[in-house]
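Engineer: Just need the structure, nothing else, for what follows:
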Amino acid sequence: MTHVFGTCVYVDPAGIFAFYRVEGTVNGDGAWSHVAHAKERYPNRGTIRIIHSALNVAPSRIGNLGVFEVSEAPNFDQIANDPNAAKYRAVRIIPCIFQVYPLKLSSQQTTEIAALLKNGVNALGELTAKTKLYVQLNDGVVSGPLEMKLKDPDNPESTLYVLDETSALTVKPAWRNLAALRSFEVRVNQRYDATFVGPAIPAPEFHLDFAPLEYSLKKVLDALHDQKLLEATLTKAKRAALAHALASIQSDSETKGRIDTVLRQLTRAAHLDTEFTRLIQEALLHPAVAARVATAVEQAKTDATAEIGRTQTEARATVARLQNEAESIQARLRELEGKKTALGLEIQTLESDRAAAAAKIDEAIRQQFEQAAKNSVALLSEITVLRPFLSAPPVAPAMPAPIGAPIPAQPFSVSKAEAVPLREPKAAQQHLARNLQTLGLTPPRANQWSCEILAAVLVGQAVSFRGSMSSMVANAVGLSLFGNAMVTLDVTVGLIELIRLQPLREALPAVDAWGVVAQGANRSCLDAFGGELVERVLNRSWGAMGKELSPFTVFSLREGPSALVPTPKFSELGPVFHTDAVSWRPCTGNPMTPGSLSCSRITADPAIETDLDFLRSALIGRNSAVFLANAKSALTALHSLRRLALPTATPADTLAKQALQSLACWWVLPFLAATHCPPEELAAVEAVAQADDVFAAHRSLLFPPEAQA
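Structural biologist: Model (predicted):
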């Protein structure tokens, strides 16, 4: 038969019950089957035990709720009017599944257990006047069933059950542990688990007595009296104590009478002890008895002397054996002391290792915290810059079309200074180097940067600057190369309006060479505002525009919360110089000389393609056709311009080495940083740089040591 655990929620006066919240079932073998999700359910067979009720009424008004046998008994008249009408009849039967209540007492404390149960415990019960309960003690013993009754039957909220004293007068079956019974746990109200046993209860292993002391003593004395074992049980040494205990018991007349009988037996036994002692003393005064006693005493002395000698011999042998064992134990102790010392040293080593590991963990946490702080700053920067792209742009009011050429909404400034014509690459390189020295670069570094900047410009690439002096260097380069026709744009944060080149060109003089300087180009998405300019640079550097080089393009990149981290787009358009990777001197204060670059484009040399083999491993997974094409054309220009800037006798391999170092520093390294290349994959690029100081400084800025740790 299946036993169901559930909750009674409806009672019909006719005796038809409905149940819901079925927690699980127990079959006839005691196997518990838990319902994963308690739900409304009406069992049509078996039995059900009510472990909780939603009825806010006294149990006396509900009836005999407890364990029921369920049978199908639908009331079709009620069902026709109410689909939720009761469909089964439940008849109360004798419980066969009982709750096990844990107590923090041992099986030796039966008196305390009975007193605790008389005070009351909060058991699940069966919402009836009485229920049966098993107890599990802290030494593992399980005993029961004990008859419990509600302390306040008229209180519908009461779950306090007290021990029925008549139930405690009989000894209770007991088992040494819960495993001897079929037990299972039921989740009650989704809050805690209650343990139950049943339906089959095995034979007890022993019994426990929870009855009062006087009642138990009465039963014992009755049994002794009935079996005529009272005098044999009461020894001489225990008579006085037992007599005192019996005399102090307050009991009913029946028990008192039995105690008086026991006391009389004890008094008679004490009188016999006195008479026996007197008779022995009188017998010892008779001569024959005295002689036999003296002979017995002498014989006892002889036997005692022999026994003492034998005992001494055995004692000496035992002492020798114990001495040998003591020496063995001392040797063992010395061995253990040595092991203890070794373990102490090992523990100290482990403590040192643990402290070192803790320090490493603390350092790793600190580095992760610092990296998280940097990441949060970068995220805030992106949110600030990208906010216009994440919301709908405001609708511009209708304005009448202006007469004449359209003027872009983004403000810009125009430079039309008198400029020195720069028709040859060598003249342009020397002119740019002088202006960079005026700004504060040392002559060797100014000479090198002028070659690298011109190499990018003369193959149609854009030039970008970042770092603390990026805006000043960008202006200086623009003034030096196209100062007679220069447009300067100050990109605002989140700029989304496309900048057209035609209005910018029309604002400049009618010259062949002109250029654009975009200050703070990473304050917004480059393709959002500079899409036309980016397309012009890409087509020009790819060679799709022939020998056309205008407009020359220079970007300055900002740092901080109002700017985006430089994307791979800037590295694909050309080199990205970091002004903080080189040393600067105070500015001389001399004015810079504007220039007008009119050199012809430098064409690519297919013979140098094998020089880019070092990029293959670094570009795996981040390859860019535009970047590779620009790297090849830039390497050709670097070869040519290095030959112009260095002495004529400079060996060709030196020129090739310096050209590769420049390419690795300002073209390759920024592209790898923008594409999140792991630092451990830079080995091939570092081998090309050959411990160049500027490359090392630039690498530490793009790949900080804490980011690599």
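Engineer: In three-state terms, label the nearest residue to Leu702 once chain neighbours are set aside for me.
Structural biologist: Closest residue to Leu702 apart from its sequence neighbours, by CB to CB, 6 or more residues apart in numbering: Ala673 at 3.9 Å. Where you see a C-beta, it was placed from the backbone N, CA and C, and this is true even at glycine. Under DSSP: H, G, I helix; E, B strand; the rest coil, the three-state class of Ala673 is helix.
Engineer: what's around Gly531, how many residues?
Structural biologist: When neighbours are defined as other CB atoms under 10 Å, Gly531 has 13 of them.
Engineer: Relative to Gln429, how far out is the closest residue to it other than its chain neighbours?
Structural biologist: Nearest residue to Gly531, sequence neighbours excluded (CB to CB, 6+ apart): Leu498, at 5.9 Å. Distance of Leu498 to Gln429, given as CB to CB, to the nearest Å: 35 Å.
Engineer: What of Asp613?
Structural biologist: 29 Å.
Engineer: okay, these two: which has more neighbours?
Structural biologist: Neighbours were counted for Asp613 and for Gln429 using other CB under 10 Å; Gln429 has more, 23 against 10.
Engineer: Tell me if Gln99 really is in a helix.
Structural biologist: No. Going by three-state DSSP, the assignment for Gln99 is strand, not a helix.
Engineer: What is the three-state secondary structure of Leu495?
Structural biologist: Leu495 ends up coil, using three-state DSSP.
Engineer: How about the secondary structure of Val487?
Structural biologist: Strictly by three-state DSSP, Val487 counts as strand.
Engineer: again with Cys599
Structural biologist: Classified using three-state DSSP, Cys599 is coil.
Engineer: who's in contact with the nearest residue to it once chain neighbours are set aside?
Structural biologist: If the residues on either side of it in the chain are set aside, Cys599 comes closest to Pro425, at 5.2 Å by CB to CB, 6+ apart. For Pro425, the contact set (CB atoms under 8 Å, 6 or more residues apart in numbering) comprises 454, 458, 599, 602, 640-641, 644.
Engineer: The same query, at a cut-off of 10 Å, please.
Structural biologist: 451, 454-455, 457-458, 597, 599-600, 602, 637, 640-641, 644-645 (CB atoms under 10 Å, 6 or more residues apart in numbering).
Engineer: Next: His698.
Structural biologist: 576-578, 580-582, 664-666, 669-670, 673, 689, 692.
Engineer: And Val694, by the same measure?
Structural biologist: 445, 448-449, 578, 581-583, 661-662, 665-666.
Engineer: Repeat the analysis, applying 6 Å as the threshold.
Structural biologist: 581, 665 (CB atoms under 6 Å, 6 or more residues apart in numbering).
Engineer: Run through the helices of the stretch 601-709 of the chain in chain order.
Structural biologist: For the stretch 601-709 of the chain, the helices defined by DSSP state H, counting those that start in this stretch cover 615-618, 625-645, 652-663, 669-674, 683-689, 693-702, 705-708.
Engineer: The stretch 51-200 of the chain too?
Structural biologist: 59-62, 76-81, 110-119.
Engineer: The longest one - what's its average pLDDT?
Structural biologist: To tie it back to what came earlier, the one meant is helix 110-119. In this model, helix 110-119 carries a mean pLDDT of 86.
Engineer: repeat for stretch 469-485
Structural biologist: 94.
Engineer: ok, and what's touching it?
Structural biologist: So stretch 469-485 is in contact with 415, 417, 419, 432, 435, 439, 465, 486, 508-509, 511, 513-515, 517, 519, 552, 554, 556-557, 579, 592, 594-597, going by CB under 6 Å, 6+ apart.
Engineer: List buried members of those residues by neighbour count.
Structural biologist: 415, 419, 432, 435, 439, 465, 486, 508, 513-515, 517, 519, 552, 554, 556-557, 579, 592, 594-597 (16 or more other CB atoms under 10 Å).
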